[in-house]
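Student: model this:
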Amino acid sequence: MMAAARFWRKIRAFGQKGKRMILALLLMLLWLTLLGPAWAEKPPEKVVVKVPVMLDGRELFWVSDSGEFTAAERGKNINALLEEKLDGTLKSGMALEVKIALQNEQITLRINDRHLVTVTARDTIPGVMLAEQAQIWQENLQEAIARAKYERTPAYMDLAIKLTLGSIIVAIAVQCILIWIDRRYRRRQLRREGSERGSWQLLVLLLLRIGIGIAVAGYIANLFPWTRRWLYKAYQVLITTFSVEIFTLGKEVVSLNRLLLMAVLTLGLWIGVSWLTKLLKSHILPLGGGDQTVRESIAYFLRYGLIFFGSLLILTVGGFDFRSLAIIISVLGVGIGFGLQNIVKDFISGLIMSFDRPIKVGELVQVGEFQGLVQRIGPRVTEISTIERVIVMIPNSRFIEGEVQNWNRSGLTRVKVYVGVPYGADMELVHKVLLAAAQAAQAHHPDILRHPPPKVKFRGFGDSALNFRVVVFIRNPLSEPKVRTLVYNQVEAYLRQYQIEIPFPQRSLQVNIPQFKELAATWQKQPAKGDLDYPDRVRDNDIPAPPVVQPEYDWQAIVSQMRGPSGVEIKDRRSNLKSFGKCFVGSEAVDWLMEHEKATREEAILIGELMVSERLIHHVLDEHGFNDGPLFYRFYADENTTSKPD
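Tutor: From the prediction side, this is the model:
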């Protein structure tokens, strides 16, 4: 099971990386095909055309041209006579006999005393005499006629119908299983990543479903003689379509099947190179030590070097003549010299973006003064949709040469809210109130993460206020406006609850009033009437107690939930002929923490490492720290009831 899980992770990792390069390679192949060199000239070869002789959609043998008749005419006449004789025999009940006869010193085959075909030297297999070839054809015809008669009997029809129903039931069952796997994977992806997106696994499942449907339809059509004829005709139309001439380069004919073959070879080249470079980076290069950057550079140049030379070999097999590349390079140089620098720069930048993928469709980016969602990455420009729903086309070179802010790449987005409180306020109380407001916002909005937890920082002394910053973390940057509004509302409510004012800028105003001193002296001589009692005055005993701030990691609650009914799967496990009692898998714990503690994968791994350092969990053999992998861990609370490993 652990090996299968590791293999599935490798397939998923390849799907995330491999899909990015396939389109770029196919575009490069198309560019070389349309603009590249001419095909190498080859001496024309004499091709012997042969046409199959068929009965009920099954090929019996092949005939070539003979004398005045072409291979197509001979095949058409033979097939028509066979169908005519078979239909007549079924209606009249007479037997069909195929005999070998000698006519005009030529060996022929006759069916019920009618001439069927003359065996010529072009029809024979190399090394086979004419008489032997005629005997082989006679046996094939007799066997095909007997099979055709049997397939039209009621007994065979009952068997074919039963096989049809059985294959349909099996296909429906397999399709239901694949649909269940597809939905389960999508739900798991939605829980882990917060959104559904395409993946290599979903593509494989879709291809499997389509392939099973086509295979079952072909199997059912092959059971009945008349549907088998239609299936063969459709197959021939498909073969003819893929073999038709698209264009010619020199004297070489380029067909669709040749282009598809080269595309498949290119795809296989990329898959092989990807696995090889991944093996090199993960197992071979680390043995030699060195810096990580050096290892990445070696793997980078090796990957694209192998792709380059492999592409040359594939194009050579396809018949390209690379001697004419010098002419194309010269034409491109002249075009660039006459003012195509910017176009070529944007085009090459598009190729680099296709390889490196600094941005993806659907990501929130900011390029200069433009911020929006990436809608399309073209060969020359990239389209982004701004918050005003305006489509902006930005040249690809700006993404390569300038600074680009990608809000999705890190997986985290910080939402910052700035608050000022008056001088003289209790800073410790303000810190607790703001942190409690942020935690209240986290409890109200599902997009706000619990790990990393909300933060409150004192930012400095302002002109008229003490400045604080409240930070919460979210995964989806598109929800940033709603989250910011919610945090502002919670901060305002908590500050109002604890009677903490939000100051406004203070200004000094000097007013010159004539005879002000006399008026002030007269007012002071008036008798005092005591303090007035204002009903809205805030008294000290009206201010509630400081809020309770939740700790960053409540270990007791986390351990209790992980060991509870909805926690990680804790059970006895076996590995390498050893049994370990009451343990769980590290990767499953990471997934549980991401889902229930609303943490990123990095934060979930950090929580696991902290649990090891806090002596809450440990590796069953105490050989590893916490790792997001198929390693077994156990709670210290389960040690007393756990037996030692065998």
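Student: any weak-confidence spans in the stretch 401-550 of the chain?
Tutor: For the stretch 401-550 of the chain, applying pLDDT under 70 flags the ranges 506-509, 511-517, 519-520, 523-543, 548.
Student: now the strands: where do they sit in it?
Tutor: Using DSSP state E, counting those that start in this stretch, the strands of the stretch 401-550 of the chain run over 404-406, 413-421, 455-461, 466-474.
Student: Can you say which of those strands is nearest to Trp180?
Tutor: Among the strands of the stretch 401-550 of the chain, strand 466-474 comes nearest to Trp180, with 32.1 Å by CB to CB. All C-beta atoms are positioned from the backbone trio N, CA, C, and that covers glycine.
Student: hang on, the earlier thing: so which of the strands of the stretch 401-550 of the chain is the most packed in?
Tutor: Most buried of the strands of the stretch 401-550 of the chain by mean neighbour count (mean count of other CB atoms under 10 Å) is strand 466-474; its value is a mean of 20.
Student: At which residues are the strands of the stretch 101-250 of the chain located?
Tutor: Secondary structure of the stretch 101-250 of the chain (DSSP E, counting those that start in this stretch): strands located at 106-111, 114-118, 245-249.
Student: possible to save the ones you listed as CSV with distance to Leu60 and mean pLDDT?
Tutor: CSV is the format used below for those (distance: least, CB to CB, whole Å; pLDDT from 0 to 100):
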stretch, distance to Leu60, mean pLDDT
strand 106-111, 11, 87
strand 114-118, 11, 86
strand 245-249, 30, 66
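Student: Just send those strands back as CSV, with distance to His445 and mean neighbour count too.
Tutor: CSV is the format used below for the strands of the stretch 101-250 of the chain (distance: least, CB to CB, whole Å; neighbours: other CB atoms under 10 Å):
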stretch, distance to His445, mean neighbour count
strand 106-111, 83, 17
strand 114-118, 82, 17
strand 245-249, 56, 12
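Student: Which one of these lies nearest to Trp555?
Tutor: Across these, closest to Trp555 is strand 245-249 (CB to CB), at 67.8 Å.
Student: Now render the strands of the stretch 101-250 of the chain as a markdown table, adding distance to Gly127.
Tutor: What follows is these, written out as a markdown table (distance: least, CB to CB, whole Å):
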| stretch | distance to Gly127 |
| --- | --- |
| strand 106-111 | 17 |
| strand 114-118 | 20 |
| strand 245-249 | 34 |
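Student: In space, not sequence, find me the middle residue of the chain.
Tutor: In the chain, the residue lying closest to the centroid (CA atoms, centre = their mean) is Ser199, at 2.4 Å.
Student: does it really touch Arg192, like I thought?
Tutor: No. With contact defined as CB atoms under 8 Å, Ser199 does not count as touching Arg192 (11.6 Å).
Student: Looking at the strands of the stretch 401-550 of the chain, which is nearest to Ser613?
Tutor: Minimum separation from Ser613 across the strands of the stretch 401-550 of the chain (CB to CB) falls at strand 455-461, 21.8 Å.
Student: so what strands line up beside that closest one?
Tutor: Taking DSSP bridges as the criterion, strand 455-461 forms sheet pairs with strand 466-474 (antiparallel).
Student: so how far is the partner strand off the chain centroid?
Tutor: Centroid separation for strand 466-474 versus its chain: 35 Å, with CA atoms, centre = their mean, to the nearest Å.
Student: same deal with stretch 139-146?
Tutor: The answer for stretch 139-146 is 52 Å, by CA atoms, centre = their mean.
Student: which of the residues in it are buried?
Tutor: Of all the residues in stretch 139-146, those buried under the rule 16 or more other CB atoms under 10 Å are Asn140, Leu141, Ala144, Ile145.
Student: and of the residues you listed, the nearest to Ala599?
Tutor: Ala144 (68.8 Å).
Student: what's the closest non-adjacent residue to that closest one?
Tutor: Leu55 (4.6 Å; CB to CB, 6 or more residues apart in numbering).
Student: one step back: out of the strands of the stretch 101-250 of the chain, nearest to Phe61?
Tutor: Between those, strand 114-118 lies closest to Phe61; by CB to CB that is 9.0 Å.
Student: neighbouring strands for that closest one, and are they parallel or not?
Tutor: Strand 114-118 sits in its sheet next to strand 106-111 (antiparallel), going by DSSP bridges.
Student: And the contacts of the partner strand?
Tutor: Applying CB atoms under 8 Å, 6 or more residues apart in numbering, the external contacts of strand 106-111 come out as 81-82, 85, 96-102, 115-120, 130-131, 134, 137-138, 141.
Student: go on, stretch 126-133?
Tutor: Contacts for stretch 126-133 (CB under 8 Å, 6+ apart): Ile100, Ile107, Val119, Thr120, Ala121, Asp123, Thr124, Ile125, Ile136.
Student: Contact partners for the third one?
Tutor: Under the criterion of CB under 8 Å, 6+ apart, the neighbours of Val119 are Gln106, Ile107, Thr108, Leu109, Leu130, Gln133, Ala134, Trp137.
Student: Count residues in the vicinity of Val430, would you?
Tutor: Per other CB atoms under 10 Å, the neighbour tally for Val430 reads 20.
Student: Excluding chain neighbours, give the residue nearest to it in space.
Tutor: In space, Val430 is closest to Val421, 5.2 Å off (CB to CB, 6+ apart).
Student: can you check Arg303 too?
Tutor: Thr277 (4.5 Å).
Student: Return the set of buried residues in the helix or strand harbouring that neighbour.
Tutor: Using DSSP states H and E, Thr277 sits within helix 256-279. By 16+ other CB under 10 Å, the buried positions in helix 256-279 come out as 258-259, 262-263, 265-267, 269-270, 273-274, 277-278.
Student: Go through these and say which is closest to Gly288.
Tutor: Thr277 (15.5 Å).
Student: who's in contact with stretch 179-194?
Tutor: Outside stretch 179-194, the residues within contact range by CB under 8 Å, 6+ apart are 196-197, 199, 201-202, 205-206, 209, 475-476, 591, 594-595.
Student: that older thread, is it true that the residue nearest to Ala144 touches Ala148?
Tutor: Yes. Taking contacts as CB under 8 Å, Leu55 lies within contact range of Ala148: 5.9 Å.
Student: Touching both of these two, which residues are there?
Tutor: What both Leu55 and Ala148 touch, as defined by CB under 8 Å, 6+ apart, is the set Leu86.
Student: Just the buried residues from the contacts of stretch 179-194, in ChimeraX please.
Tutor: In ChimeraX, a selection of the buried entries from the contacts of stretch 179-194 looks like this (16+ other CB under 10 Å):
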select :199,201,202,205,209,475,591,594
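Student: Model confidence for Gly372, exactly?
Tutor: pLDDT, Gly372: 86.
Student: and it, which of the three is it?
Tutor: strand (DSSP: H, G, I helix; E, B strand; the rest coil).
Student: measure it to Ala148 for me?
Tutor: As judged by CB to CB, to the nearest Å, Gly372 and Ala148 stand 67 Å apart.
Student: the longest helix in the chain is where?
Tutor: helix 154-193 (DSSP state H).
Student: Same question for it: list its buried residues.
Tutor: Buried residues in helix 154-193, counted by 16+ other CB under 10 Å: Tyr156, Ala160, Thr164, Ser167, Ala171, Leu178, Asp182, Tyr185, Gln189.
Student: This completes my enquiry, with thanks.
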